[in-house]
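*Asks:* starting from these lines, generate the structure:
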Amino acid sequence: MLVIAMETRSGPGGQVRWAGRRHDDDRPDASSGVSSAELFEAVFHALHDGEQVALGFDCPLTMPVSREQDPGSAPVGSDADALVTLAEPASSRPGLAELGYLLSELGTWRPWTTVSTSLARWKANTSILVWQAVPATGASTVPASAAADSFFRQLPAATSHANEAAAAAEPAAGTEPAAGTEPATWTQPGAGTVVNLAAAAARRAGLFVDPAELAQPTVSIIVAAG
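*Replies:* Predicted structure coming up:
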């Protein structure tokens, strides 16, 4: 399993730093780079070797949809193509642009790749998990070098939480946790219909993603700096 996180704030020359490691490697940035091409190489080779990949982004991956944006009489969440269209304007944002490039390249070179933004579905043999890296209480940023540690540390509890939510057929309850009581996963307060920007990017790239995920929030994991 390869876990990578991306810092979407731009570096010199517009570079976007990413870092990660495998479950059996203790180095915090055993795999790292500053370009989308390098990220693609790392992900491609991990998938080629039969590994699962978890990609974290420190930018919002879920966008609320207003009634005014509903393109038809049916609920937006029932129309996958409509949700993908609504997500299109956000595709050029930092982080989402890099995700779009990566998934488009995989759509060319590994079109059988599957993508999920749900821990429960990913654990059931999905190739790539896209997750949102949330700063710990009191922090304003997510250091990419710390994200893999937080992911591996919180994965068992987060998986259990996701499975319970899936079994109940209900979205995970969510408000931001109080300091010192953070659960492994974090979800934004409900805001009606949402569009999953990561799932939409996968669908645009021609990769398989469960259509139901387009109207569900991405899984979020809190990243502690230390």
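
*Asks:* residues contacting the helix or strand encompassing Ala46, please?
*Replies:* Using DSSP states H and E, Ala46 sits in helix 36-48. By Cβ atoms under 8 Å, 6 or more residues apart in numbering, the list of residues contacting helix 36-48 from outside reads 2, 4, 6, 16, 18, 20, 31, 33, 53, 55, 98, 101-102, 105-106, 109-110, 113, 127-128. Using the backbone N, CA and C atoms, a C-beta is placed for each residue, glycine as well.

*Asks:* so of these, which ones are in strands?
*Replies:* Leu2, Ile4, Met6, Trp18, Gly20, Ser31, Gly33, Val53, Leu55, Ile128 (DSSP state E).

*Asks:* tell me which two of these sit farthest apart.
*Replies:* Farthest pair in the ones in strands among the contacts of helix 36-48 (Cβ to Cβ) is Gly33 and Ile128. Separation: 17.2 Å.

*Asks:* looking only at neighbour counts, state which of the two leads.
*Replies:* Ile128 (26 against 20; other Cβ atoms under 10 Å).

*Asks:* hang on, the earlier thing: just the buried ones from the contacts of helix 36-48?
*Replies:* Buried members of those, scored by 16 or more other Cβ atoms under 10 Å, are 2, 4, 6, 16, 18, 20, 31, 33, 53, 55, 98, 101-102, 105-106, 110, 113, 127-128.

*Asks:* what's downstream of the helix or strand bottoming out on mean pLDDT in the chain, the next helix or strand?
*Replies:* Lowest mean confidence among the helices and strands of the chain (mean pLDDT, DSSP states H and E): helix 144-168, at a mean of 68. Of the helices and strands lying after helix 144-168 in sequence (DSSP H and E), the nearest is strand 194-196.

*Asks:* elements contacting that following strand?
*Replies:* Applying 3 or more Cβ pairs under 8 Å, 6 or more residues apart in numbering; DSSP states H and E, we find strand 194-196 packed against strand 62-64, helix 80-87.

*Asks:* mind checking how far the closest residue to Ala136 other than its chain neighbours is from Lys123?
*Replies:* Distances taken as Cβ to Cβ, 6 or more residues apart in numbering put Ala224 closest to Ala136, at 4.7 Å, once the chain neighbours are dropped. According to Cβ to Cβ, to the nearest Å, Ala224 stands 22 Å off from Lys123.

*Asks:* repeat for Phe152
*Replies:* 14 Å.

*Asks:* next: Val134.
*Replies:* Here the criterion is Cβ to Cβ. By it, Val134 lies 20 Å from Lys123.

*Asks:* neighbour count for those two, which is higher?
*Replies:* Comparing Val134 with Lys123 by other Cβ under 10 Å, the one with more neighbours is Val134, at 22 against 15.

*Asks:* what is the helix or strand that contains the more buried one packed up against?
*Replies:* Counting by DSSP H and E, the element that carries Val134 is strand 128-135. Judged by 3+ Cβ pairs under 8 Å, 6+ apart, strand 128-135 is in contact with strand 53-57, strand 115-116, helix 119-123, helix 144-168, helix 197-204, strand 220-223.

*Asks:* which residues touch the residue nearest to Ala136?
*Replies:* For Ala224, the contact set (Cβ under 8 Å, 6+ apart) comprises Ala136, Ala146, Asp149, Ser150.

*Asks:* do the same with Leu103
*Replies:* Val115, Ala201, Ala202, Arg204, Ala205, Leu207.
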